[in-house]
Structure formats: structure tokens, C-alpha cells
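Participant: Show me how the following folds:
(chains A and B)
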Amino acid sequence: MSLMSLTAVELGKKIKAKEVSVEEAVQAALDAIAEKEDKVNSFVTVDAEKALERAGQIQKDIDNGVLSGPLAGVPVAIKDNMCTKGMLTTCSSKILGNFVPPYTAEAVRNLEKAGAVILGKTNMDEFAMGSTTETSFYGATKNPWNPEHVPGGSSGGSCAAVAAEECSYALGSDTGGSIRQPSSFCGVTGLKPTYGTVSRYGLIAYGSSLDQIGPIAKDVTDCAVILEAIASHDKKDSTSIGRDSYDFTSALTDDVAGMKIGIPRDYFGEGLGTEVRDAVLAAAGELKKKGAIVEEFDLSLVEYAIPAYYVIACAEASSNLARFDGVKYGYRTEEFEGLHHMYKKTRSEGFGTEVKRRIMLGSFVLSSGYYDAYYLKALRTKALIKQAFDRAFEKYDVILGPAAPTTAPRLGDSLSDPIKMYLGDIYTISVNLAGLPGISLPCGTDAKGLPIGLQLIGDCFEEKKILRAAYAFEQTREYAHSPLAADVML
Amino acid sequence: MKQFETVIGLEVHVELATKTKIFCSCSTAFGGQPNSHTCPVCTGMPGSLPVLNKQVVEYAVAVGLATNCKITQYCKFDRKNYFYPDNPQNYQISQLYLPICRDGGIEIETEDGVKKTIGIHEIHMEEDAGKLIHDERGENSLVDFNRSGVPLIEIVSEPDMRSADEVIAYLEKLRLIIQYLGASDCKLQEGSMRADVNLSVRESGTMELGTRTEMKNLNSFKAIRRAIEAERQRQIDLIEAGKEVVQETRRWDDAKEYSYAMRSKEDAQDYRYFPEPDLVPVIISDEWLQEIRERQPELRTEKLERYKREFHIPDYDAELITSNKKLADIFEATTAICHLPKKVSNWLMVETMRLLKEHEMEIEEITFSPENLAKLIQLTEDSAINSTVAKEVFEKIFEQDIDPEKYVEEHGLKTVSDDGALRSTIEKVMEENPQSVEDYRKGKKKAIGFLVGQTMKAMQGKADPGMVNKILTELLQ
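Facilitator: Numbers count the residues shown, from 1 in each chain, chains lettered A, B, ... in the order given. Okay, here's the model as predicted:
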């Protein structure tokens, strides 16, 4: 059995108890990567040498008692949109194909301080734009449950790496569901924290007002432990919020008695797969059995979330991605005549179709004469959606629903119809618009054996409530290792 | 002949005197090796985020209060999107929707003594861009991001000015206020103050505004004056020839005294402004506003009154000295040491001004210390040196800020006040010039002047002329 089949916390305990050395743990991850990458393509960059070197240092720090936290020595994979000093950071784009950042993202630094060993950078939809990890310049990532299917996205590489057991855990980022949806498709647990909880410093922005970094792991306990490590009030990020408490693990009690759980009827309408619906409602039933009060209610405005999201995220993206111009870093076209030609050619060649589509959409909605009709209207919609959640959280501790309408689609099926792909984000997007925390965890599989994800949404700063509910539900089932993870165990 | 009226509004950019940049902690110091004052934030590295420098807000509010603006206590930053290599993110963080100050105005007085108020539409905060350096062969352009992220405020006036005189009066007043606040040194030549002139003409008596042009690249008051005259004439010529004035941005070439069109309204860019999502709104609480208000330094008008009251110097002196913050600072510091305000004022108004003119320097470039000027004044006050020597020593102070006491000592410039030594020199001079002595005694009193001169010469200028006069008169009797 590979050490990678353990949860991060389990492995951390073994390292601390000296049952396993950091080097052994890191080597196990590197072996798994070497064996599975052909089949899954989770990584853009793997730096074995650096990881092993770091393993040695961490082992010393553990031996000296400098490091004693639960994640010390545990190998991690980082989504390729977080800057890592001295390590290629591409956002899965050609345009950043040669970009080596001079600094490290704050969330990653926090992990390093906790003794994490970085294995490499995971594949994603280019600039986090997509729901399938197929828009990567470095090839699509495959779903470890079935290589014919997508892992979801945009943090598909991170989720697939965790599900394929190429690492103990991973960091992802979530702008409209990019942690929760691929977690659902890959049968792992992913948490999107309240906006402002994890510093965005060093996260290459897609939609700045919506982006948030979060953990992806095998279980709820890991997510809580990782969140404690990465969350911080960072003065380098003006939108970072100082929280009263950074304790999340104390919520991990199997006790939901009296907890009020709301199920939005709006989330169970047209477009939701029957198998997904049944699995999610069955999960609600389990929580009810444990003493939770489960009720249906009308959230409202759900249908406005997708248009509002695509207007706001693309508007911000059109500006955020303007810096990739061939002048300072990254790809520059070989031949050009003059500055403007260089800009156009570099960006035409450097960005993929989906990124260009969103830049154009964003530029359009910000154009003079359209700003009020689109951008301002989207901002007003965003505020109304937040109000709808505020009303819901006056009555409920947690909102329960699916993470995605279906299980993972087949490779190639989504990109041909972008609107359909955008509609797949319906259950995750409003959480970002309202800045709320949300978690996705496995709650079953469909007839094809593909995982189904349960989503729990909390009010701002109420991560502990969703962690508690998720932990309680998790106790009712066994963690299912993906076939690709199991392969190696044979 | 038709009569035309010129209508002018100004957009003035002022670099604020903060030690660090507006959104990162890099130095704002002028000069330095290219790209040495940079970091991931001010070079637009992916993932970097801006953090607002509080001092920028305080300076902007201080300028707003001093120009009678309303302060926007909930204000925001917006992104102005455009591609240019000196702009590392390809957007500039500025303010469009909720600028920090609005609806102010200042009173100006033109040279002919006419007073009027020039309205200020708004003041907003923004970041400066880097600098492009084109190589000599014209093959490559290089970017220096040292200036990227240096804080600016843009002060947008109402179109209330009618002549170059009013424009200069407005700019001088604005500069004085900002200098007094310590918010900027406002040097036009170095670009820490930049003015763009929006100008249109209309037939006298009509209310409707004509089509305006925006003039850029104005690096001195002289250039501004010349550009206004030229643009006014250019627009009148067009109208009189039956042609239309095109709304466009023009660039002034001061050497050729000519402007050319940079871009017209048709190719005006759509900046796609939207609220900056990486920054939170700036909330200026009543308490903070009050703190800034209480910290406002004494401005010119108040200082002028105080000088007259406290130092009893003439109106003319007080006006001249307070017309420049640096001059006023030197005046006060020197007076605090030597307690001779009128003497200090004389040195500043006469010799200092003469030397500035001679060296083609601005008041801001003065390097001498109040301590040394005070010592010099004390030396003359004690009659240790005479006025001729004092002027000579002051030149050294002005140029190298030397210690006058040491200098006078080392160069043996002390006035000889030893009565005996002086008396014997005078006697010798009288012996050598019997004709003059006789002339004087015969009633040609003017002859004494020659004898004083000869004595001073013999004493190498180190004698007190009053004393020489006294002894001579006595001996000639």
C-alpha cells in the first residue's frame, strides 16, 4: 500500500512518530507521479530534485523540534496559478510558458512554514477559465475514476492528483466553483473559504473579487487542518480579512443535533441528474438521522447567478490579463512589426480560445455605453444574491445541495457548447458572488461509477458549521479510492 | 473685427512627496539605477496586489481642504485600461467614479490686481507610469519602472480661466498651497508638477463653449504662456477662415513654439473604467478628517499676517518671503537663531535673489543653512566684518555653505578695529596724498572720499569704513 493512500493528517502522524521519514513520503509521491502521470496528466511541473532536497531539510527541522505541526513533511501539489519562487508557474497557458516567479504566494508560504514539501504544480484550465481542465495548453487532465471523462475544473489537476494519490493533498483556487466542482467529479473533498480568509497575494488573478484559494484532500479533517495552515490576515492583500479565530479543527465533531439545514428547491429543478439528486437527498437524510433539522426553502435568484458571474468575472479578467503582453515576461511572438503588432500577435498566439472568449466578453461589458447595462447590472444582481443568502442564513445554519448538476462529462463534450458548460456552474457560482464558504465532499457514485459531490454552504465566516455537517456526514461512509489510486496498490 | 474670448481649464498632475510609492513600499526617490526602485507590485508581476499608502490619502485630503473642496469620505479606486509599455499592468489605478475631493476653488489675483475664484472640479489619486527610454539607433525601447507607482494627484479645474495671466496666477497659487502643505515640491522642469491646458475660444458675448483642444508637454510657466497664446491664435485663425476646430490632444514643442496633433477624439481610447477589485473602499472617518484638518500647516495668508505682526517686517518683505515656502522656512530658521528679522529679510531679498539670478537657480535649489547665514549676520552686527567683506563671504555661503566664522578667520578678513593700527595707516595715507589733504582743508570736503578709499585699499578692505571716516575727519581738522 502506498503512503499516498493515507490522508495528509494520517501521514503527518506517521512522520511525527518516525514510522515514516519525510524522504520516504516524498519518494512515495514521486513514484506514484512517475507511474500515473501518463494516464492522468495532473501536473504541469514536477520538481523531484527540489522536493527531495526540501524533504531532507524538513526532516532535520522535525528532528530538532522546530517543526511539529500536523502537515510537517507531508507532500503537497500546488495549482499552477499560485506563484512559487524559482519554480515555473504557467497558469496552464502558453503565454506564461517560461515564467518563473521571483516570489512565492502567501498561501504557499504559509504551507511552507507548516513544513509542507511541494512536489510540483498542477494542471488547470488556462487561467482558471473552464470547468473541465481541457483548456490547458499542456493537455487535458483525465479523471482518475475513468480516463474517458474530465476531472472537472478549473482545479482539475489538483483534484485528479489527490484522487489518483499522486500527492497527499493539494491547493486549488475557486472563482465560480473551481475547487468544489472538480472535487465532486473526482470524489475528493474541497473547500472554498469565505472571501478574504486566504491571502490572494501571489495567486494569478482571474476574477479578483471572486477568487479564493482553498484545500483539496481526501477528507474533511484534512481540509480543516490545511485551512488552519493557509488562512491568515495578510497586509499585502487589501481584501484579506483578519478573523477572530483561525481554529477550524474544533468543528470536527460528529454532532449535528439541532443543526438547521436548508435545501433550496431552486437547486433541484430542471437540469439536475436524477442520480445526483437522489444521492444528495440521501445525504440530507443521513444528517436528519443524526438529529439535524432539514427543511426545503426557496432561495430565489438562482437563474441570475450565471449571467452575473460571467459578466463580473470576465470584466475583471479582461483587465487582469492585460499585463500578459510580451513586454516584461512570458511568451513573446517571434516576428512582429512595431509595438501594437507585437501585442496583438503575442496575445493571439499566447492565449487559448476560451481565454480569448472571456477577454472579449469582459472588454465588451466594460465598454463605454454598455457598462451600465451589463457591468453595473451584474453588480446589483450580485448584491441581491447576497441578500437572498442573508435571508436564508437567518433561518438555517447550512445550505445543502449538489455541487454540480451531473457527474463528470466525457472528454470533449463540454467545449463544443460553452453555454452548456457555463450552466454547469449553477450551484457553485452564487457562493462566490456572495463571498460565502462552501465545501464539496463525496456522497456516492452514479451507474457508471463516477463520483457524486454533496455541497454544503455556510454564511460568511461560518466554515466551522459546514465542516461540522460535512464531518458528520462523512462518518456515515467509507472513503472510496479511485481506480487509478487502487491500481498501484495491487 | 470679431472679438474672441479664451476659455481655459487645467488638469494639473502633482507628484506627492511620500517616501514610498502609492501601492508598494518601493522608494520614490528621483534618479537611481533603472529598475532599482521596483518590486513585483510596481512592475505588474502576475499575482501581485496593491496596498494603498495612507500618506497619499492624507496629502490628497490636505490639498482638498486647502483648496476648499468637499472630501469624499467613502471613495474608491478604479482601473483605467489601456495598453502601453510604460504601464506594467496595462491598466492604471486611478479614480473616476468617486474621486477623493470635489467642488472646490481658489482665489487668484492677476498682476493687474483683479481677484477671481477658479473652481476645482475634482482632485483624484492615481499612480504614475514608468519611463520609456529609446535607444539611439531607434531599434529598441527600454522601460524603467522606478517612477511606476509614484503617487500622483490630478487636480481638475473648472473652465474658469480667460487668459494666460490667469492660468499662471492659478498655477502659482496652487503650487504655493501644495508646497506649503509639504505635499509636493511641484517642480515643473522635473515633472513633479505637470499641467495640461484645455482651451477653446468663443465669440465674446456668447455663452456656448467652443470646441476645445488639450495641450500637453508644457514644462515651464513660459512654455504654458507661449502655448496658450499660440493655441488661442490658431483656433481664432481656423474660425475666421471658416474652418472647424477639431477636438484633439496636441503636443507643444517649446523650441519651435508650435504644437501638433497627437490624437483626435475619433481615436480616443475607451478606457473601460471599472472599480478596482484589489482595493477596498477608502473610508475617511470624521475623526481622521479632523486629524488631518488639525495638522494642516500654516498657509501663506496666515503666515504673511504673522510675519508682519511677529517680526515687524515691512509688507513688501513679508510678501516676498512668504511667496515661497522654502524662502519662508529659511527666514524663520535664521531669525530664530539671530533674532534680527529685518537683517535676515534683507539678505534673502537682495543678495540671495541676486545670486539666484546669476546662477540661474530656483529658490528650491538653495543649499545654504540658516545657521551659517545667522552667523554671518551676527559677524556684521558685531562689526567684525564690514559689508563688502560680508557680501564676499555670503557668496561662499551661498555656493558651498561654508562656516563664515571659520572662513573669516582663515582668510584674515576681520575688520581691523585697532585704533592705533588704523591711525598709523591713515597718517601714512595722508602723508602720501598731500594734495587731497590740502584740498580738504581748503574746503573741498569731497576729497575725504578719496582718502577713505586709499585707506581701505591699504587695509585690504578689512577696516570699518565708519571708523576710517571718523579718524580721518579728526586728523584733517
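
Participant: just the strands in chain A please.
Facilitator: Here chain A has its strands, by DSSP state E, at A:43-46, A:75-79, A:117-122, A:169-174, A:189-192, A:212-217, A:260-264, A:293-297, A:398-402, A:438-445, A:451-458.

Participant: Run a quick neighbour tally on residue B:316.
Facilitator: 10 (other CB atoms under 10 Å in any protein chain shown). Bear in mind the C-beta positions are built from the backbone N, C-alpha and C, glycine included.

Participant: tell me which element it is part of?
Facilitator: Per DSSP states H and E: residue B:316 is located in helix B:315-322.

Participant: Mind giving me the packing neighbours of that helix?
Facilitator: Helix B:315-322 sits against helix B:300-306, helix B:325-338, helix B:341-346, with contacts defined as 3 or more CB pairs under 8 Å, 6 or more residues apart in numbering or on different chains; DSSP states H and E.

Participant: Among the ones you listed, which comes closest to chain A?
Facilitator: Nearest to chain A, of all the helices and strands packed on helix B:315-322, is helix B:325-338, at 33.7 Å by CB to the nearest CB.

Participant: which residues sit against the closest one?
Facilitator: With contacts defined as CB atoms under 8 Å, 6 or more residues apart in numbering or on different chains, helix B:325-338 is touched by B:176, B:179-180, B:182, B:303, B:307, B:311, B:320-322, B:341, B:344-345, B:348, B:363-364, B:366, B:370-371, B:373-374, B:377-378, B:381.

Participant: Could you pick out the buried ones from these?
Facilitator: For the contacts of helix B:325-338, burial is judged from neighbour counts taken by 16 or more other CB atoms under 10 Å in any protein chain shown, and it is met by B:176, B:179-180, B:303, B:307, B:311, B:320-322, B:341, B:344-345, B:348, B:366, B:370-371, B:373-374, B:377-378.

Participant: residues near residue 276, how many?
Facilitator: Since no chain was named, I'll use chain A. Counted with other CB under 10 Å, the neighbours of residue A:276 add up to 25.

Participant: Switch to chain B, please.
Facilitator: 25.

Participant: That one is in contact with residue B:75, isn't it?
Facilitator: No. With contact defined as CB atoms under 8 Å, residue B:276 does not count as touching residue B:75 (11.5 Å).

Participant: Kindly present the helices and strands packed on helix B:315-322 as JSON lines, with separate columns for mean pLDDT.
Facilitator: Formatted as JSON lines, those follow (pLDDT from 0 to 100):
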{"stretch": "helix B:300-306", "mean pLDDT": "89"}
{"stretch": "helix B:325-338", "mean pLDDT": "94"}
{"stretch": "helix B:341-346", "mean pLDDT": "94"}
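
Participant: Of all those helices, which one is nearest residue A:86?
Facilitator: Closest to residue A:86 of these is helix B:325-338 (CB to CB; 48.2 Å).

Participant: how far off helix B:315-322 does that closest one point, in degrees?
Facilitator: For helix B:325-338 against helix B:315-322, the angle by axes from the mean of the first three to the mean of the last three CA atoms, to 10 degrees is 110 degrees.

Participant: Next up, the contacts around residue 194.
Facilitator: No chain was given, so I picked chain A. Contacts of residue A:194 by CB under 8 Å, 6+ apart are A:212, A:241, A:435-437, A:460-463.

Participant: Chain B was what I was after
Facilitator: B:12-14, B:188, B:218.

Participant: circling back: can I get the helices and strands packed on helix B:315-322 in CSV including distance to residue B:194?
Facilitator: Formatted as CSV, the helices and strands packed on helix B:315-322 follow (distance: least, CB to CB, whole Å):
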stretch, distance to residue B:194
helix B:300-306, 22
helix B:325-338, 20
helix B:341-346, 33
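
Participant: Which among the ones you listed is found nearest to residue A:365?
Facilitator: Of all these, helix B:325-338 comes closest under CB to CB, at 47.5 Å.

Participant: Can you list the buried residues in that closest one?
Facilitator: Buried residues in helix B:325-338 (16+ other CB under 10 Å): B:325, B:327-328, B:330-332, B:334-335, B:337-338.

Participant: number of nearby residues for the closest residue to residue B:121 other than its chain neighbours?
Facilitator: Excluding its sequence neighbours, the residue lying closest to residue B:121 (CB to CB, 6 or more residues apart in numbering or on different chains) is residue B:156, at 4.6 Å. By other CB under 10 Å, 19 other residues sit near residue B:156.

Participant: can you give me phi and psi for residue B:156?
Facilitator: phi -100, psi 120 (degrees, to the nearest 10).

Participant: any idea how far chain A is from it?
Facilitator: Distance of residue B:156 to chain A, given as CB to the nearest CB, to the nearest Å: 19 Å.

Participant: Contact partners for that residue?
Facilitator: Here residue B:156 is in contact with B:9-12, B:120-124 (criterion: CB under 8 Å, 6+ apart).

Participant: Now with 6 Å, please.
Facilitator: With contact taken as CB atoms under 6 Å, 6 or more residues apart in numbering or on different chains, residue B:156 is in contact with B:11, B:121-122.

Participant: quick one: average confidence on the helix ranked longest in chain B?
Facilitator: For chain B, the longest helix by residue count, based on DSSP state H, is helix B:221-240. On average, the pLDDT along helix B:221-240 is 95.

Participant: again with stretch B:80-87
Facilitator: For stretch B:80-87, the per-residue pLDDT averages 95.

Participant: so does that stretch get close to chain A?
Facilitator: Yes. Stretch B:80-87 lies within reach of chain A by CB under 6 Å from any CB of the partner chain, at B:81, B:83, B:85.

Participant: Need the residues that contact that stretch.
Facilitator: Against stretch B:80-87 from outside (CB under 6 Å, 6+ apart): A:319, A:327, A:343, B:90-92, B:94, B:129-130, B:132, B:143, B:269, B:271-273.

Participant: Enumerate the residues of the stretch 51-200 of chain B near chain A.
Facilitator: Checking the stretch 51-200 of chain B against chain A by CB under 6 Å from any CB, the hits are B:51, B:79, B:81, B:83, B:85, B:89-91.

Participant: would a markdown table of those with secondary structure and neighbour count be doable?
Facilitator: Below are those laid out as a markdown table (DSSP: H, G, I helix; E, B strand; the rest coil; neighbours: other CB atoms under 10 Å in any protein chain shown):
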| residue | secondary structure | neighbour count |
| --- | --- | --- |
| B:51 | coil | 19 |
| B:79 | strand | 26 |
| B:81 | strand | 21 |
| B:83 | coil | 17 |
| B:85 | coil | 19 |
| B:89 | coil | 24 |
| B:90 | coil | 21 |
| B:91 | strand | 25 |
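
Participant: Between these, which sits nearest residue A:107?
Facilitator: Nearest to residue A:107 among those, with distances taken as CB to CB, is residue B:51, at 17.0 Å.
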